[in-house]
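> Provided below are the primary sequence and the corresponding predicted coordinates.
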Amino acid sequence: MNKSACIDVQELNVKRGKNLVLDQLSFQLEAGKIIGLLGPSGSGKSTLLRSIVGNQIITSGTVTVLGLPSGSKALRHKVGYMTQAASVYDDLTVTQNVAYFAKILGLPDEEVNRVIQGTDLSEQASSLVIDLSGGQRNRVSLAIALLGSPEIVILDEPTVGLDPVLRADLWGLFARLAATGLCLVVSSHVMDEAMRCDQILLLREGKILAQLTPYELMERTGATDPETAFLKLIDTGASNSHDNATPDPDSAPRHRASADGSK
Ligand SMILES: Nc1ncnc2c1ncn2[C@@H]1O[C@H](COP(=O)(O)OP(=O)(O)OP(=O)(O)O)[C@@H](O)[C@H]1O
């Protein structure tokens with residue numbers, strides 16, 4: 001495994017029912033970056049994320065996380081996971097929700113305040129979740145995923161259903177988290193969000209179409225927007241795209257511009 005790789009997937013196949021949902025995936029992801037897992041609905045994003053977290057029975061291949069097989073007990077506090085379905089209780093306050101999960105994980109009270117502050121929820125700490133906006137609600141799920149200072153945080157479509165302002169807000173927060181050295185893997189089917197990542201893994205019908213930087217995505221396809229770039233990659237078959245290319249320093253991931261605290 002590459003020294004800086006925090007996730008190493010080799011020849012991963014996953015069948016769900018009779019369907020081969022992930023087909024011979026091999027790739028490595030580096031620490032300290034935002035990795036965007038992009039692909040259309042049904043392309044296998046959630047299944048791949050579940051395989052990394054260790055919540056998915058895999059048919060063959062290996063998924064190694066921080067040097068250990070995914071799902072290992074020793075990874076429990078090292079990998080945070082925010083599922084697509086909201087896992088917060090409407091009738092509890094923000095603090096009560098976070099404290100509940102902190103207790104399950106055996107974490108001290110200070111940890112509750114730390115993640116609430118880290119997700120900009122201090123003002124809403126005493127509000128019931130039912131009274132929060134969609135973005136604030138998603139941030140409660142994110143706060144729970146950050147409990148215990150994980151090294152890897154897996155976020156399954158955290159911006160789904162949010163308006164562009166709230167989406168930009170959350171991506172600003174992801175950038176600030178990545179700047180602290182976390183490895184964030186964020187799935188989305190909104191291609192525009194690809195441009196906010198350091199690296200993009202494009203998935204289609206259970207196969208990796210490309211692994212590249214936003215800069216490379218645009219340069220390789222000559223497209224002016226990521227949606228068109230994705231379609232162009234499909235057209236060309238992207239047969240030589242999965243090349244783990246070295247990021248171009250000039251690609252200066254756009255989110256870094258907002259990593260200094262602005263949203
Ligand atoms: N329990 C299941 N049994 C059989 N097939 C399943 C099951 N769950 C999911 N699938 C299939 O696996 C494929 C990948 O699903 P997955 O949820 O991983 O995709 P996705 O890219 O995350 O989609 P979305 O963006 O809509 O959440 C889909 O074709 C789906 O129909």
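That came through fine.
> mind checking how far Leu212 is from the ligand?
Separation of Leu212 from the ligand (Cβ to the nearest ligand atom, to the nearest Å): 19 Å. Every C-beta, even on glycine, is put in place using the N, C-alpha and C of the backbone.
> so what pLDDT did that residue get?
Here the pLDDT value assigned to Leu212 is 94.
> wait, doesn't it sit right on Thr221?
No - the criterion here is Cβ atoms under 8 Å, and Leu212 misses it with Thr221 at 10.1 Å.
> give the contact list for Ser187.
Counting by Cβ atoms under 8 Å, 6 or more residues apart in numbering, Ser187 touches 36-38, 45-46, 49, 155-157.
> just to be sure, it is in a strand?
Yes - judged by DSSP: H, G, I helix; E, B strand; the rest coil, Ser187 forms part of a strand.
> hey, what's it bridged with?
Counting by DSSP bridges, Ser187 forms beta bridges with Leu37.
> what is the neighbour count of Asp23?
Asp23 has 14 neighbours, counted by other Cβ atoms under 10 Å.
> what strand or helix carries it?
Secondary structure assignment for Asp23, by DSSP states H and E: strand 19-30.
> residue contacts, the most centrally placed residue in the chain?
Nearest residue to the geometric centre of the chain (Cα atoms, centre = their mean): Val186, 1.9 Å. Counting by Cβ under 8 Å, 6+ apart, Val186 makes contact with 34-37, 155, 158, 174, 193, 197.
> for Thr93, same thing?
Going by Cβ under 8 Å, 6+ apart, Thr93 touches 125-129.
> for the ligand, state which of those is nearest.
Using Cβ to the nearest ligand atom, Val129 comes nearest to the ligand of the contacts of Thr93, at 22.7 Å.
> wait, the closest one sits on Arg137?
Yes - counting by Cβ under 8 Å, Val129 does reach Arg137; the two are 6.1 Å apart.
> what ranges do the strands span in the stretch 1-150 of the chain?
5-16, 19-30, 34-38, 60-65, 68-69, 79-82 (DSSP state E, counting those that start in this stretch).
> other residues contacting the fifth one?
It stands for strand 68-69. Residues contacting strand 68-69 (Cβ under 8 Å, 6+ apart): 54, 62-63, 74-75.
> intersect these with the contacts of the ligand.
When contact is defined as Cβ under 6 Å from any ligand atom, the contacts of strand 68-69 do not meet the ligand at all.
> ok, which pair from these is furthest apart?
Thr62 and Ala74 (16.5 Å; Cβ to Cβ).
> can you name the residues that contact the closest residue to Asp156 other than its chain neighbours?
Nearest residue to Asp156, sequence neighbours excluded (Cβ to Cβ, 6 or more residues apart in numbering): Gln84, at 4.6 Å. By Cβ under 8 Å, 6+ apart, the residues touching Gln84 are 46, 156-157, 160.
> gap between the two ends of stretch 148-168?
In stretch 148-168, first residue to last residue: 26 Å (Cα to Cα, to the nearest Å).
> and it, what's buried?
Residues of stretch 148-168 classed as buried by neighbour count (16 or more other Cβ atoms under 10 Å): 148, 150-159, 162, 166-168.
> endpoint to endpoint, stretch 103-115 covers what distance?
Terminal residues of stretch 103-115 are spaced 14 Å apart (Cα to Cα).
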